[in-house]
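A.B. asks: Predicted structure and sequence below. I'll ask about it afterward.
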2 protein chains.
Amino acid sequence: MQKNPTMNIVYDNVKHDIIYMILKPNDLISEIEISKKYNVSRTPVRDAFKKLVSEDLLEVRPQRGTFVSKIDLDAINDIMFMRDKIEVSIVRNLVNRISDIQMLTLLSILKKQEKLLDVHNITSEVSELFLSLDNEFHETIFSFEGKTRVWELLSNIQVHYLRFRVFIDHCDHQILTGIYNDHLAIFECLKFKDISKLEDIYSKHLYNGVKNQTIKIFENADYFKNF
Amino acid sequence: MQKNPTMNIVYDNVKHDIIYMILKPNDLISEIEISKKYNVSRTPVRDAFKKLVSEDLLEVRPQRGTFVSKIDLDAINDIMFMRDKIEVSIVRNLVNRISDIQMLTLLSILKKQEKLLDVHNITSEVSELFLSLDNEFHETIFSFEGKTRVWELLSNIQVHYLRFRVFIDHCDHQILTGIYNDHLAIFECLKFKDISKLEDIYSKHLYNGVKNQTIKIFENADYFKNF
DNA sequence: ATTGACTATCTTGTATACAAGTGTTATTAT
DNA sequence: ATAATAACACTTGTATACAAGATAGTCAAT
């Protein structure tokens, strides 16, 4: 059941470029420009654009152009709220039934992250890899509770949060270390079944990405909605 | 900033027809068929279809046709899980700060629902109206906590739950009365600030729509995924 | 009667021509 | 010089022709 290969190639590439800030907010990308880049006609490009518009990553202004959407901090706040409530509830159930093998699975992800942090000069490839391991860590926890689909449903919404994180965390060794330490703390809480501390860390972990980043936001105010 | 009027007309109409089971699961609808119906070309129809595919309401099988998706009970279960956790958290915050005027707003919605239940023979229009008041009741609660966008983000996911509810509740006076009573109980709990009972009712209220409906589901097994 | 190939006719995928609106730039009139 | 206007070069919206694949029915060969 293959579906629409060329449309998906365009979709995946453009989406990646938006999330990883190769295409920046407010950038104009025309259907023809992209169709030339990928050697296809406008139709599959339009199909891909329509999908990206439905995810609020693109904004089409008829007869004007198609623009990369601004980062919406209010939306990110609401997304974090949702993730917090859902994920804490999942972890609360998980803590009493997590198996040793599952603990090892989480540990192996942490080890991979640790290894990436060994290098002092963080390249953008390493940065991208680290953040995808961050997602893997959380997705794995969801999967332990049979909530993989919930994670996927959230993922469609979460792209804005991810794009913001890429913008903030990009190649910043200190921030990435902070994320790693949070994960380590979560792992320890699961180990010792410390529910209340777990809830505490979790909430902070999600919001940490946003705190103390006002300078970087103000410096690029035009990337953000309502600024 | 008007955008794509004809595409939106097609989108809104087809979406309505799917949710309200005028177009049933597994139904084949071709792009040409719909384009003739609305006197437009294939392009805006394709645009609308792409949007509906991204909401899992349509499934495109290339060179075969476009089909109305089956109802996915597993997905509905996950959606209820998410709504439960998020909405209970919102209500928990709301209960201590809800104002008299806000209570009146909720009451007025309840009165409208009560009025609709006066009629014994529930038409499909009344049924549709009742369910939209149900949504309004919950959306209003979200708005009281400044979480309107959270409701909207959930709404994109919730369409499957809504379609299922339409299928189950359609013109059933008893079920609709049950929903009304749940709302009434929620209202009373808000009035007397009974948090624990509130959480209890809320969880049940969401899941009530699914319970005891096995007969109706088995009778239309082909409407459902994994059956 | 059964099997197999062929054909006619569906479907969506793709490419492209044209329409309509926007913004900029050049031109013209004052 | 300046301001109004016209022409042009873009954009996305729309319509449509053709390609490629899937399916069902026909028809022939065995």
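C.D. replies: Okay, I see it. Numbers count the residues shown, from 1 in each chain, chains lettered A, B, ... in the order given.
A.B. asks: can you pull the contacts of the residue of chain A found nearest DNA strand C?
C.D. replies: Nearest to DNA strand C in chain A, going by Cβ to the nearest atom of the strand, is residue A:41, at a distance of 3.1 Å. Just so you know, the C-beta spots here come from the backbone N, C-alpha and C atoms, and that holds for glycine as well. Going by Cβ atoms under 8 Å, 6 or more residues apart in numbering or on different chains, residue A:41 touches residue A:35.
A.B. asks: Distance of it relative to residue B:7?
C.D. replies: Note on residue A:41: its distance to residue B:7, by Cβ to Cβ, to the nearest Å, is 19 Å.
A.B. asks: cool, and residue A:12?
C.D. replies: For residue A:12 relative to residue B:7 (Cβ to Cβ), the value is 24 Å.
A.B. asks: what about the two, which has more around it?
C.D. replies: Taking neighbours as other Cβ atoms under 10 Å in any protein chain shown, residue A:12 and residue B:7 compare with residue B:7 leading, 20 against 11.
A.B. asks: Find the helix or strand that that one is a member of.
C.D. replies: helix B:5-19 (DSSP states H and E).
A.B. asks: what's that helix packed up against?
C.D. replies: Packing partners of helix B:5-19 (3 or more Cβ pairs under 8 Å, 6 or more residues apart in numbering or on different chains; DSSP states H and E): helix B:42-54, helix B:148-169.
A.B. asks: will you turn those helices into JSON lines that also has mean pLDDT, distance to DNA strand D and mean neighbour count?
C.D. replies: Converted to JSON lines, the helices and strands packed on helix B:5-19 look like this (pLDDT from 0 to 100; distance: least, Cβ to the nearest atom of the strand, whole Å; neighbours: other Cβ atoms under 10 Å in any protein chain shown):
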{"stretch": "helix B:42-54", "mean pLDDT": "96", "distance to DNA strand D": "4", "mean neighbour count": "21"}
{"stretch": "helix B:148-169", "mean pLDDT": "92", "distance to DNA strand D": "20", "mean neighbour count": "19"}
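A.B. asks: before we move on, back to that, find me the pLDDT at the residue of chain A closest to DNA strand C, would you?
C.D. replies: pLDDT, residue A:41: 96.
A.B. asks: What of residue A:202?
C.D. replies: 83.
A.B. asks: same thing with the one 10 residues further on?
C.D. replies: What the model reports for residue A:212 is a pLDDT of 75.
A.B. asks: Please settle this for me: is it part of a helix?
C.D. replies: No. Assigned with DSSP: H, G, I helix; E, B strand; the rest coil, residue A:212 falls outside any helix and is coil.
A.B. asks: And for it, the neighbour number?
C.D. replies: For residue A:212, using other Cβ under 10 Å, the count is 10.
A.B. asks: Same check on residue A:79?
C.D. replies: Once other Cβ under 10 Å is used to define contacts, residue A:79 is seen to have 23 neighbours.
A.B. asks: Which helix or strand contains it?
C.D. replies: Going by DSSP H and E, residue A:79 is part of helix A:73-94.
A.B. asks: how far does that helix sit from the chain's center?
C.D. replies: From the chain centre to the centre of helix A:73-94 is a distance of 14 Å (Cα atoms, centre = their mean, to the nearest Å).
A.B. asks: Equivalent analysis for stretch A:71-82, please.
C.D. replies: With Cα atoms, centre = their mean, you get 12 Å for stretch A:71-82.
A.B. asks: If we go by neighbour counts, what in that stretch is buried?
C.D. replies: Neighbour-count burial for stretch A:71-82, with 16 or more other Cβ atoms under 10 Å in any protein chain shown as criterion, is recorded at A:71, A:72, A:73, A:75, A:76, A:78, A:79, A:80, A:81, A:82.
A.B. asks: For the most centrally placed residue in chain A, give me its contacts.
C.D. replies: Taking Cα atoms, centre = their mean, the centroid of chain A lies closest to residue A:162, which sits 2.5 Å from it. By Cβ under 8 Å, 6+ apart, the contact list for residue A:162 reads A:19, A:131, A:135.
A.B. asks: Compute the distance between the residue lying farthest from the centre of chain A and residue B:222, please.
C.D. replies: Largest separation from the mean C-alpha position in chain A: residue A:63, at 31.7 Å (Cα atoms, centre = their mean). In this view, residue A:63 and residue B:222 are 45 Å apart by Cβ to Cβ.
A.B. asks: per-domain residue ranges of chain A.
C.D. replies: Under the assignment automatic domain parsing, the domains of chain A span A:5-68, A:73-223.
A.B. asks: Serialize those domains to CSV and add fields for distance to residue B:179.
C.D. replies: What follows is the domains of chain A, written out as CSV (distance: least, Cβ to Cβ, whole Å):
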stretch, distance to residue B:179
domain A:5-68, 30
domain A:73-223, 24
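A.B. asks: burial of the closest residue to residue A:168 other than its chain neighbours, as a residue count?
C.D. replies: Of all residues beyond its chain neighbours, the one nearest residue A:168 is residue A:213 (5.2 Å), with distances taken as Cβ to Cβ, 6 or more residues apart in numbering or on different chains. Applying other Cβ under 10 Å, we find 15 residues neighbouring residue A:213.
A.B. asks: Could you tell me which residues of chain A lie near DNA strand C?
C.D. replies: Counting by Cβ under 7 Å from any atom of the strand, the residues of chain A close to DNA strand C are A:3-7, A:40-44, A:47, A:62-64.
A.B. asks: re earlier: what about the helix holding residue B:7, near DNA strand D?
C.D. replies: Yes. Shown here: helix B:5-19 in contact with DNA strand D (Cβ under 7 Å from any atom of the strand) through B:5, B:6, B:7.
A.B. asks: No further queries at this time; thank you.
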